[in-house]
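>>> Provided below are the primary sequence and the corresponding predicted coordinates.
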Amino acid sequence: MTLPSKPRFSIPAIFPGGTQIRTVSTAVRTRLQGNRAALPLRILFDAHWWIDGPPSGKSVLKALVSSWSTEFPADSISLHVRHRQRNQIEEDVASAGIYANFDESGWQPRNHALDVMTTIANRDSYDAHISQNFTSIVGSSLKCTFVHDAIFIDHPEWFSRTERAYLSVIRPSLRCSDVVFTSSDNEAQRIRRVWPETRQKVIPIGLGAPIWTQAPKSQLVDEVASRDRPYFLAVGRLNERKNLGRLIQAYSRHPRIGLTHDLVIVGARNGLLTSTAMTSHASVKVLSNVDDSQLTWLYENAAAMIFPSLEEGFGLPLLEADRFGLPIAASDIPVFREIDLADIYFDPLSVAAIGRALEDITAFPHRGAPRSPANWAEVVSVARATIVSAIGSSKE
């Protein structure tokens, strides 16, 4: 099968390349006056990651579906699911008060990329098919792909050979995508640079805080509470890019911080990680199996949030920490500056700089209301406005 080199639909002019997220959102508010009066849309969401996906993938999927249902109740939402997961997803959707149809059509392979790429969404059933990272190479409906990041192109050394092989399928599949959504302007610029054929169809739509932070339920984490000491919190998958090895070194070498604070790291191993990166320390707690209610308790009781990542497409833990009012020390990288939520920025390659940040962040008080204006209602409004305009352009 020959993949198309150009999208079959054109992206509206209100989303010029390089537009900042907040500027895009302002333009959309005006454009939505007409979009809300448009005919209801029939949207098919790929739900492969609803249960088994990476934390960021599950969070984005569930928030998109939930917020879309709330903001645009006249739209018909369908979830493309695998048969063995349907019952559990139906229960989740029902408990969240979401009305959705379920589509089990297609091959249904276990591999996410293959599942997405072989999903058939035709115009007679759906106006748009929304997936993550990969695009269907069949079907005639509008194809919208949310790409989390293209970091593996800039920094292949942070990824295993298996990961690089899997992620390499993103680019050829995107040739079939009509719209490429991503989270930040910084990531949109990267995608346009490394995959120049996508330049005219990349739209940064932002992200909101995970939906579990909106009405959090708290459950005590015994192994942290039992120590009865203040602690720094770091949240993220355990791999080279998250830079947790340097964080542990900085904490271990600091002459005073270890006497007063613990370091709690939340995340499971995922991806390339050297054997020396996670050196053990008596006051460092690594928690791999933490549910949303336990993570809520950890955020509620932390002294500060530390985010030492070397690179991110966005950085959802920043929004989570902001929602709970934590002081934040974060890497001085472009996307974190764009989000602009940290109290202190540090050089993530310098163990000494991370150590100074650990000491300095203790002087910052907890915040009141969240600083970030980001919300999922605006994210789905931007996405829907793009879809409506793209479909409209195809009929002109």
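Noted; the coordinates are in hand.

>>> does anything pack onto the helix or strand D115 falls within? Which helices or strands?
Assessed by DSSP states H and E, D115 sits inside helix 112-117. Contacts defined by 3 or more C-beta pairs under 8 Å, 6 or more residues apart in numbering; DSSP states H and E place helix 112-117 against helix 170-174. No exception for glycine: its C-beta is placed from N, CA and C like everyone else's.

>>> for G368, which non-adjacent residue is spatially closest?
G325 (6.6 Å; C-beta to C-beta, 6 or more residues apart in numbering).

>>> I'd guessed the one you found sits against R371; true?
No - at 9.4 Å, G325 and R371 do not qualify as touching, with contact defined as C-beta atoms under 8 Å.

>>> at the geometric centre of this structure, which residue do we find?
Nearest residue to the geometric centre of the chain (C-alpha atoms, centre = their mean): S56, 4.2 Å.

>>> pLDDT value on that residue, please?
For S56, the pLDDT comes out at 90.

>>> do the one 4 residues further on as well
The pLDDT attached to V60 in the predicted structure is 95.

>>> ok but it is inside a helix, no?
Yes - judged by DSSP: H, G, I helix; E, B strand; the rest coil, V60 forms part of a helix.

>>> from L349, how far out is it?
V60 is 29 Å from L349, where distance means C-beta to C-beta, to the nearest Å.

>>> what about these two, which has more around it?
Of the pair V60 and L349, V60 is the one with more neighbours under other C-beta atoms under 10 Å, namely 25 against 13.

>>> list the buried ones in stretch 85-93?
85, 89, 92-93 (16 or more other C-beta atoms under 10 Å).

>>> ok, these vs L318, which is closest?
Distance to L318 across the buried residues of stretch 85-93 (C-beta to C-beta) is lowest for D92, with 25.9 Å.

>>> phi, psi for V202 please.
Main-chain dihedrals, V202, degrees, to the nearest 10: phi -90, psi 130.

>>> surely W376 meets L61?
No - distance between W376 and L61: 11.8 Å, which falls outside the contact criterion (C-beta under 8 Å).

>>> in the helix or strand where G57 lies, which residues are buried?
Counting by DSSP H and E, the element that carries G57 is helix 55-71. Judged by neighbour count using 16+ other C-beta under 10 Å, the buried positions of helix 55-71 are 55-69, 71.

>>> quick one on the thing from earlier: tell me the helix or strand right after the helix holding D115.
Where DSSP H and E defines the elements, the next helix or strand beyond helix 112-117 is strand 128-132.

>>> ok, the helix or strand following that following strand: who's next to it in the sheet?
Later in the chain than strand 128-132, the nearest helix or strand by DSSP H and E is strand 142-146. Take DSSP bridges as the rule and strand 142-146 pairs in its sheet with strand 128-132 (parallel), strand 179-182 (parallel).

>>> present the ones you listed as CSV; the columns should include distance to D291 and mean neighbour count.
As requested, the strands paired with strand 142-146 are exported to CSV (distance: least, C-beta to C-beta, whole Å; neighbours: other C-beta atoms under 10 Å):
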stretch, distance to D291, mean neighbour count
strand 128-132, 22, 26
strand 179-182, 28, 26
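
>>> CSV for those, including mean pLDDT and distance to T145?
Putting those into CSV (pLDDT from 0 to 100; distance: least, C-beta to C-beta, whole Å) gives the following:
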stretch, mean pLDDT, distance to T145
strand 128-132, 98, 6
strand 179-182, 98, 5
